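> Predicted coordinates and the sequence they were generated for:
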Amino acid sequence: MLLIKQSYFAFIFLPLQSKNIFMLNKKLLITFSLIFIFSLNALAVKWQSVGTGEKYTLSDLVANSGGTVTFNGSNYLINDTIEIKKTDTLSIEINTQILFAPNTYLWINGGVIYVNPSTSVKFTAQDTLVGFLGIRLDSSNHSYLKNVVFEFAVSFKLSDSSPTFENCVFQKNNIGTSTSFGNGAISLFRANPLIKNCSFLNNRRAAIQGGANISNAPKIYNSLFEGNNTMNQNVPQINLGATSTGGTDTVKIIDCNIINAGGIQCGGIGFLAIGEVYAVITGNTITNNRYGITLNGGNNIHSLINYNNISNNNIQNNPALGGSGIAFSGGSASSVGQFSIVARNIISNNLWGITIQNRSKPNIGNLNNVDTLDNGNNHFINNTNTSTPGIDLYNNTVDSIDAQNNYWNTDEANIIESKVFHYVDNASLGFVNFVPFLTSANLPVILKNFDAVLKRNDVLLTWQTSSEINTSHFNIQKSYNGTEFTTIGTLLAKGNSNQLVNYYYTDKINTANNKHFYRLEMVDKDGTKTYSKTRLINNSLKASIQLYPNPATDYVIVVSTNAKKIQVLDISGKAVINIDVTNNHNIVNLKSLTAGNYILAVTNNDGEVVTEKLIKK
């Protein structure tokens, strides 16, 4: 149903309850809804910045806003709505609290908000029972918020914006019943934020919300989602739709914890798209939700779901209404088969392991091609419910499904057959090919992540395992050409574990060699070997910086390698000097700058940026 009312569009998708004509005595019904409401007009603004490239602090707002912003001796009070216009910057670098009156908000309309306190800045309500509208960013791609607590608002609303959030907390938002300002703690409209090391706690609706037919591609790393959707609506904690057309951008949800949903109707991650989806969901822990992950669509869906721990998603405890670790649905006769790969996940103690409906046809393991990304290696353990016990994979479609090279918590083919519902159970359904399968004798280690980071002349290698069975050791291997590897070190493995285990190794590199390839050789006690992905450190492409003098007065000499552009940025991130360069030795004139702290940034030909602090006397 598309509902158009006055000045906003509301895209409301109500639960679908389809009858399963393919089942005999087993009934499966999975419902999913996505509700997205986005206001297109601004409420009345009391005070506006000048829009001439000015930088404001909170004290500047107090001095210039005519009482719209005040200071009571301890906290700043926002008494009416304010607007930071295009080219202007609001900079907050002090530890403070900012209290908003009811029905007010901060509008960054083409400008920039830069928040970087040493400890925290809290955006909260003057009356926490009534709340406030929130913060709205329009056409703001360079905003940066760090160490922020955002609470008791309707929403943090992003429109055509790509800000960065780092070490922020979003809690107890979505105050009231109106969703015209936003329908999630963060509401997205053509927005691609970077979200790192943040926490979303006990918000009344979804933590992150995007429209079904509106392309949004957030990048979410190492963040916590817990207790969201306390209103117990039929939405997941992360609720998204379309991401981009033609793969121009990709949602990334990596190394996050999506746990302990705030209501029994709340799932973990959901995509219900009118449009295309490109998504990478990897390295996450998704547990204690109504369901783990759901993707609805046919060949408009492109997703990689790997290295996740998806467990105990059963809090509603009704197999007719959900409880899947991963649920695939959608598609049609003209749109058969998602481009979805499911690999190297642990899927345990859900009501269902994986459920497949309509014509979605995911790839759960295929050994019949040269690609190793889709080689299965999923672990299915103790997924069960009262109506259809012990089903790890339910293929409720006419399509055949590849599910090779997975571990089903048994070494017996006939027991695996009892865990898979498909053609054998109902001749109108498609066949699931689960042979060959992994046994306890050849069960590989589950590697959650493997990263390589260059720190001066050292490469720090870090990796995590989420499961180890009879694992002996890790050989750290290196190559200068990407094909011929030698072992440069060995670390003993934990051996047997179903918990996260962290490993570290440092390699001192020879700077005469530009390219350094790394991989892990994982060796079991019986001698079986498996290999990680290869990581590349390309030292030749790294833009290095040497500055002198620093502090500087009238000029600074910049010695760099492989540099394309030199910029001097003020503390808001605004470029005050731009120089295109072709030499390794450049003189930058600083006479136009006032005294203070700046960032000098060198960009290389591949777009990599390296920065150093610059002090102008």
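Thanks, I have the structure now.
> tell me the phi and psi of residue 462?
phi -130, psi 140 (degrees, to the nearest 10).
> My error: substitute residue 597 in the last question.
According to degrees, to the nearest 10, residue 597 has phi -100, psi 140.
> If it is in a bridge, with which residues?
residue 615 (DSSP bridges).
> quick one: contacts for it?
Applying Cβ atoms under 8 Å, 6 or more residues apart in numbering to residue 597 gives the contacts 571, 613-616. Just so you know, the C-beta spots here come from the backbone N, C-alpha and C atoms, and that holds for glycine as well.
> Looking at the residues you listed, which is nearest residue 242?
Residue 242 lies nearest to residue 571 out of the contacts of residue 597, by Cβ to Cβ, at 36.1 Å.
> Any of the contacts of residue 597 buried? List them.
In terms of neighbour count (16 or more other Cβ atoms under 10 Å), the buried residues within the contacts of residue 597 are 614, 616.
> okay, the contacts of residue 597 in a markdown table with distance to residue 560 and pLDDT next?
Listed next are the contacts of residue 597 as a markdown table, based on distance: Cβ to Cβ, whole Å; pLDDT from 0 to 100:
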| residue | distance to residue 560 | pLDDT |
| --- | --- | --- |
| 571 | 22 | 75 |
| 613 | 15 | 84 |
| 614 | 13 | 89 |
| 615 | 18 | 90 |
| 616 | 19 | 89 |
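> how about the contacts of residue 597 in a markdown table, adding distance to residue 457?
Formatted as a markdown table, the contacts of residue 597 follow (distance: Cβ to Cβ, whole Å):
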| residue | distance to residue 457 |
| --- | --- |
| 571 | 30 |
| 613 | 21 |
| 614 | 24 |
| 615 | 26 |
| 616 | 30 |
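> Can you tell me which of the contacts of residue 597 lies closest to residue 190?
The nearest member of these to residue 190, counting by Cβ to Cβ, is residue 571 at 28.2 Å.
> check contacts around the closest one.
91, 93, 114, 596-599 are the contacts of residue 571 under Cβ under 8 Å, 6+ apart.
> Can I have the buried ones of those residues as a PyMOL selection?
Buried members of these, defined by 16+ other Cβ under 10 Å, are picked up in PyMOL with:
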select buried, resi 91+93+114+598
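> just the contacts of residue 571 now: which is nearest residue 403?
residue 114 (49.1 Å).
> on that earlier part again, and which of the contacts of residue 571 is nearest to residue 121?
Taking those together and measuring to residue 121 by Cβ to Cβ, the closest member is residue 93, at 8.8 Å.
> Please report the distance of the closest one from residue 442.
Distance, residue 93 to residue 442, using Cβ to Cβ, to the nearest Å: 56 Å.
> if we can go back for a sec, quick one: which of the contacts of residue 597 is nearest residue 239?
Looking across these and measuring by Cβ to Cβ, the closest to residue 239 is residue 571, at 35.1 Å.
> Next, the closest one: phi, psi?
phi -70, psi -20.
> Quick check: residue 429 touching residue 398?
Yes. With contact defined as Cβ atoms under 8 Å, residue 429 reaches residue 398; the gap is 6.7 Å.
> Counting neighbours, go ahead and name the busier of those two.
Remark: of residue 429 and residue 398, residue 429 carries more neighbours, 23 against 15, as counted by other Cβ atoms under 10 Å.
> Quick one: residues contacting the more buried one.
By Cβ under 8 Å, 6+ apart, the residues touching residue 429 are 22, 395-398, 421-423.
> Between the contacts of residue 571, which sits nearest residue 434?
When the contacts of residue 571 are compared for distance to residue 434 (Cβ to Cβ), residue 114 comes out closest, at 53.2 Å.
> tell me which element that closest one is part of?
strand 112-115 (DSSP states H and E).
> and that strand, what does it pack onto?
strand 89-92, strand 144-146 (3 or more Cβ pairs under 8 Å, 6 or more residues apart in numbering; DSSP states H and E).
> Deepest in the core, which of these is it.
strand 89-92 (a mean of 22; mean count of other Cβ atoms under 10 Å).
> what's the spacing between the helix or strand just after it and its chain's center?
Per DSSP H and E, the first helix or strand lying C-terminal to strand 89-92 is strand 96-100. Distance, stretch centre to chain centre, for strand 96-100: 28 Å (Cα atoms, centre = their mean, to the nearest Å).
> helices or strands up against strand 96-100?
Strand 96-100 sits against strand 76-78, strand 121-125, with contacts defined as 3+ Cβ pairs under 8 Å, 6+ apart.
> As JSON lines, those strands with mean neighbour count would be great.
Formatted as JSON lines, those follow (neighbours: other Cβ atoms under 10 Å):
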{"stretch": "strand 76-78", "mean neighbour count": "21"}
{"stretch": "strand 121-125", "mean neighbour count": "21"}
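> Next, residue 530: secondary structure please.
At residue 530 the chain is in strand, as set by DSSP: H, G, I helix; E, B strand; the rest coil.
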